[in-house]
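In: Structure of the sequence below:
(one chain, ligands or ions: 1)
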Amino acid sequence: MANSRRLSKLLAYLRPHWRDATFGIIALLIVNGLGVYIPLLIRSAVDRLSVEFSFNQIKYLVIQIVLFASAMWFIRIASRIWLFGVGRQVEFDLKQRIFEHLLKMEPSYFAINSAGDLISRATSDVDNIRRLLGFAVLSLVNTLFAYVFTLPVMLGLSVDLTLASLAVYPFMFFLVYLFSDRLRTQQSAVQERISDISALIQEDISGMALIKIYSQEENERRAFANRNRDLLEANLKLAKSRNTLFPLIGGLATVSSFIIIWLGSTRIANGSLPPGDFIALLLYVERLVFPTALLGFTITAYQRGEVSIDRIETILTVTPKIKDTQDTIELPLYQVKGKLTATNLSYTYPGSTTSALCDVNFTIAPSETVAIVGAIGSGKSTLANAVPRLLDIEPGQLFLDGVDITKIALADLRSAIAYVPQDSFLFSTTIKNNIRYGDPVSEQEQVENTAKMAQIHPEIINFPQQYETIVGERGITLSGGQRQRTALARAMLVNAPVLILDDALSSVDNQTATAILKNLSGGTQRKTVIFITHQLSAAASADRIFVMDKGKIVQKGTHAELLEQPGMYKTLWSQHQIEELLH
Ligand SMILES: Nc1ncnc2c1ncn2[C@@H]1O[C@H](COP(=O)(O)OP(=O)(O)OP(=O)(O)O)[C@@H](O)[C@H]1O
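Out: Numbers count the residues shown, from 1 in each chain. The predicted structure follows:
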């Protein structure tokens with residue numbers, strides 16, 4: 001990103017907090033004004049003492065100095081509170097923006113961008129921007145004011161001494177120029193390595209059981225050590241550059257003081273410089289030493305921030321592919337009947353050469369239960385993901401109640417469709433909160449009724465805390481079948497007219513699965529159900545069955561109809577019956 005664009009991004013981050021930033025900068029202005037004025041008072045005091053060495057001569061000056069110095073101290077504190085506060089505010093805003101943006105992104109985005117990398121950008125990079133807008137801005141503005149206020153007064157006291165003390169500055173700026181590109185590249189490398197480590201930790205914690213089952217602790221330890229070492233090397237390289245640059249800048253700044261002492265004392269000795277002017281000049285040079293020595297830190301904070309702006313903007317500038325457009329149609333829930341139609345529905349995953357769905361055609365009537373069966377990888381989940389637009393499908397291929405789903409407001413479409421994915425993810429909260437996730441204000445009675453329909457209620461009431469039982473991360477403390485039925489209850493509670501179950505009962509025995517299906521297709525509030533399964537005996541109870549192969553629907557019909565025709569279903573059913581006999 002070009003520097004001007006980065007600067008405009010920074011200003012945009014600051015804009016909402018311009019008031020505090022302005023107060024902070026005005027406070028710095030006053031601090032620097034006082035910082036220049038106080039040495040002038042000290043100069044007067046020294047001059048008076050040179051005439052007659054008595055405290056009475058300078059008592060009012062001393063009172064003034066104490067008062068102004070105290071005021072300066074308070075105002076300096078205020079400037080830090082305002083400017084560091086702005087950094088914190090921007091940190092809050094950015095974290096919020098990143099999270100809200102990620103919520104809008106489609107699932108495929110998270111397949112390419114690892115959680116660890118995104119977390120590191122939302123935390124460590126945002127932190128760098130906070131430091132840039134707090135510390136670096138304060139320090140830069142302070143240094144600028146220090147020079148702008150101090151130099152004219154110094155020149156007024158002695159042009160040649162001032163110029164002599166500034167002789168080292170060109171070297172200082174040259175050094176900064178020399179190091180700046182290297183520092184930026186090294187900083188960027190550090191941020192990338194932090195992301196790599198976060199990604200590995202995140203993935204390994206999620207897959208800890210697998211690591212243990214395959215006894216891969218040693219390999220994972222080595223993989224982590226490699227990434228950790230890469231981070232260490234990147235950090236050491238950066239530290240080497242910083243530790244060379246900073247002391248050099250600090251050392252050069254101190255040389256200015258030596259020059260003033262050396263030349264000034266010679267002048268005092270030959271009477272061409274009053275002692276008061278000498279003291280004032282020395283104080284001014286000292287005033288400049290600290291901000292100048294800090295320049296190195298300021299530059300690092302700035303460059304770190306620059307790298308982080310790029311990394312954060314990379315997230316924020318990606319626009320979601322699946323979103324509402326101007327011609328979006330609203331489809332209120334009470335109007336939805338639940339008819340689903342596909343016309344030549346095709347889908348190819350980005351980067352893939354073969355179609356996962358190829359010219360799929362069907363109509364599913366409202367309240368109909370359709371089971372989808374077929375070989376592994378035949379496109380069943382892809383079809384399930386296409387209906388609630390979790391995939392970016394082309395317009396004119398899928399319709400809900402005759403309305404193109406790409407035209408329906410996303411929120412309306414998704415409230416009309418309840419979807420239980422294969423992995424039955426649960427949040428680390430109570431079973432009750434998991435079941436009422438789609439409608440957090442549901443009453444206990446409603447939660448229990450849905451749990452009964454999902455055939456999980458008797459097990460829940462056997463837990464010591466019953467519905468208040470906290471499930472571990474991703475529901476780890478429940479069995480696979482319990483997790484699946486809790487996820488199913490969650491989908492049933494929202495009472496959407498369309499329900500899609502993607503192999504969502506695979507860990508449930510055939511009898512329970514069939515009972516659940518009966519609950520879904522019976523009752524007064526019948527839903528359109530798409531039931532993807534490998535359990536043929538459960539599929540047999542559906543109104544119709546679609547058989548998928550290589551992205552196409554190759555057979556459609558009732559269980560009885562399909563058994564009468566030669567084809568994949570008949571073969572699968574014969575295999576299923578042999579398996580049942582063998583059990
Ligand atoms: N995110 C993805 N990126 C690329 N290809 C994918 C992706 N997800 C699935 N595929 C491919 O698309 C095809 C259909 O996959 P899909 O998951 O829809 O099959 P499925 O019938 O649900 O299989 P299963 O019965 O194993 O769940 C497969 O060839 C699969 O490899």
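In: Quick one: distance of the host helix or strand of residue 142 to the chain centre.
Out: Using DSSP states H and E, the element containing residue 142 is helix 137-157. The chain centroid and the centroid of helix 137-157 are separated by 39 Å under Cα atoms, centre = their mean, to the nearest Å.
In: Stretch 403-418: which residues count as buried?
Out: 403, 405-408, 410, 412-418 (16 or more other Cβ atoms under 10 Å). (Each C-beta comes from the backbone N, C-alpha and C, glycine too.)
In: The next helix or strand after the helix holding residue 142: which residues count as buried?
Out: Sequence order places helix 159-165 as the next helix or strand after helix 137-157, per DSSP H and E. Residues of helix 159-165 classed as buried by neighbour count (16+ other Cβ under 10 Å): 161-162, 164-165.
In: Format those residues as TSV; extra columns: distance to the ligand and pLDDT.
Out: As requested, those are arranged in TSV below (distance: Cβ to the nearest ligand atom, whole Å; pLDDT from 0 to 100):
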residue	distance to the ligand	pLDDT
161	71	87
162	67	88
164	69	88
165	65	84
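In: Would you mind giving these as CSV with distance to residue 492 added?
Out: As requested, the buried residues of helix 159-165 are exported to CSV (distance: Cβ to Cβ, whole Å):
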residue, distance to residue 492
161, 85
162, 81
164, 84
165, 79
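In: Just give me the closest of the residues you listed to residue 108.
Out: residue 165 (61.4 Å; Cβ to Cβ).
In: Give me the pLDDT for the closest residue in space to the closest one that isn't next to it in sequence.
Out: Counting by Cβ to Cβ, 6 or more residues apart in numbering, residue 256 is the residue found nearest to residue 165 once chain neighbours are left out, at 4.3 Å. We have a pLDDT of 83 for residue 256.
In: For residue 256, give me its contacts.
Out: 165-166, 168-169, 285, 288-289 (Cβ atoms under 8 Å, 6 or more residues apart in numbering).
In: if we take the residues you listed, which one ends up nearest to the ligand?
Out: residue 169 (57.7 Å; Cβ to the nearest ligand atom).
In: which SSE is the closest one in?
Out: Per DSSP H and E: helix 169-206 holds residue 169.
In: could you give the angle of that helix to helix 137-157?
Out: Using axes from the mean of the first three to the mean of the last three Cα atoms, to 10 degrees, one finds that helix 169-206 and helix 137-157 are set 170 degrees apart in direction.
In: Can you name the next helix or strand after helix 169-206?
Out: helix 208-213.
In: just how off-centre is that next one within its chain?
Out: 27 Å.
In: so after whichever strand or helix holds residue 288, what's the next helix or strand?
Out: Using DSSP H and E, residue 288 sits in helix 275-316. Scanning forward in sequence from helix 275-316 by DSSP H and E, the next helix or strand is strand 340-347.
In: close to the ligand, is the helix or strand following that next one?
Out: For strand 340-347, the following helix or strand on the C-terminal side (DSSP H and E) is strand 357-364. No: legend: contact between strand 357-364 and the ligand by Cβ under 6 Å from any ligand atom is lacking; minimum distance shown is 7.8 Å.
In: Sheet partners, orientation included, of the helix or strand just after strand 357-364?
Out: Next in sequence after strand 357-364, counting helices and strands by DSSP H and E, comes strand 369-374. Here strand 369-374 has these sheet partners by DSSP bridges: strand 528-532 (parallel), strand 544-549 (parallel).
In: Return the residues of the protein in contact with the ligand.
Out: 111, 349, 352, 356, 374, 376-382, 503.
In: Assumed residue 78 was part of a strand.
Out: No: counting by DSSP: H, G, I helix; E, B strand; the rest coil, residue 78 is not part of a strand but helix.
In: Now it: closest residue in space, sequence neighbours ignored.
Out: Using Cβ to Cβ, 6+ apart and skipping residues adjacent in sequence, the residue nearest residue 78 is residue 27, 5.0 Å away.
In: Can you tell me the element that neighbour falls in?
Out: With DSSP H and E as the test, residue 27 turns up in helix 18-51.
In: which helices and strands does that helix pack with?
Out: helix 55-104, helix 137-157, helix 275-316 (3 or more Cβ pairs under 8 Å, 6 or more residues apart in numbering; DSSP states H and E).
In: how does it look with 10 Å?
Out: Using 3 or more Cβ pairs under 10 Å, 6 or more residues apart in numbering; DSSP states H and E as the contact test, the elements touching helix 18-51 are helix 3-14, helix 55-104, helix 137-157, helix 275-316.
In: which residues sit against the helix or strand that the second one is followed by?
Out: Right, helix 55-104. Counting by DSSP H and E, the element after helix 55-104 in chain order, helix or strand, is helix 107-112. With Cβ atoms under 10 Å, 6 or more residues apart in numbering as the test, helix 107-112 has contacts from 102, 118, 315, 318, 320-322, 349-351, 385, 390-392, 421.
In: give me the number of residues near the residue nearest to residue 202 when sequence neighbours are not counted?
Out: Spatial nearest neighbour of residue 202, excluding adjacent residues (Cβ to Cβ, 6+ apart): residue 116 at 3.9 Å. By the criterion of other Cβ atoms under 10 Å, residue 116 has 20 neighbours.
In: thinking again about what came up before, so what angle separates the directions of the helix holding residue 288 and helix 18-51?
Out: Going by the same axes, to 10 degrees, helix 275-316 makes 160 degrees with helix 18-51.
In: ok, residues contacting the helix or strand containing residue 433?
Out: Using DSSP H and E, residue 433 maps to helix 431-435. Here helix 431-435 makes contact (Cβ under 10 Å, 6+ apart) with 425-428, 440, 442, 444, 446-448, 450-451, 454, 456, 459-460, 463, 465-471, 475, 478, 482-483, 485-493.
In: Now the stretch 401-550 of the chain against the ligand: closest residue?
Out: residue 503 (5.8 Å).
In: Now do residue 553 against residue 546, distance only.
Out: 5 Å (Cβ to Cβ, to the nearest Å).
In: And these two? Which one has more around it.
Out: residue 546 (25 against 22).
In: Report the contact partners of the more buried one.
Out: Applying Cβ under 10 Å, 6+ apart, the residues near residue 546 are 360, 362, 364, 370-374, 380, 383, 530, 532, 539, 553-557, 562, 569.
In: What is the neighbour count of residue 451?
Out: 26.
In: Quote the end-to-end distance of stretch 559-570.
Out: 9 Å (Cα to Cα, to the nearest Å).
In: residue contacts, residue 169?
Out: Taking Cβ under 10 Å, 6+ apart, one finds 147, 252-253, 256, 288, 292 in contact with residue 169.
In: Max pairwise distance over those: which two?
Out: The widest separation within these (Cβ to Cβ) is 15.1 Å, between 147 and 252.
In: I'd guessed residue 263 sits against residue 282; true?
Out: No: taking contacts as Cβ atoms under 10 Å, residue 263 lies outside contact range of residue 282: 11.1 Å.
In: Next, show the common contact partners of residue 553 and residue 546.
Out: Any residue near both residue 553 and residue 546 by Cβ under 10 Å, 6+ apart counts here, and that gives 360, 362, 372, 374, 383.
In: Include pLDDT when you put the residues you listed into TSV, please.
Out: Shown next, in TSV, are the shared contacts of residue 553 and residue 546 (pLDDT from 0 to 100):
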residue	pLDDT
360	90
362	90
372	93
374	87
383	92
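In: which two from these end up farthest apart in space?
Out: Distances among the shared contacts of residue 553 and residue 546 were taken as Cβ to Cβ; the most separated pair is 362 and 374, at 13.5 Å.
In: residues bridging contact with these two, i.e. touching both?
Out: Contacts common to residue 362 and residue 374, judged by Cβ under 10 Å, 6+ apart, are 383, 546, 553.
In: quick one on the thing from earlier: what's the spacing between the residue nearest to residue 165 and residue 276?
Out: 20 Å.
In: again with residue 434
Out: Separation of residue 434 from residue 276 (Cβ to Cβ) stands at 77 Å.
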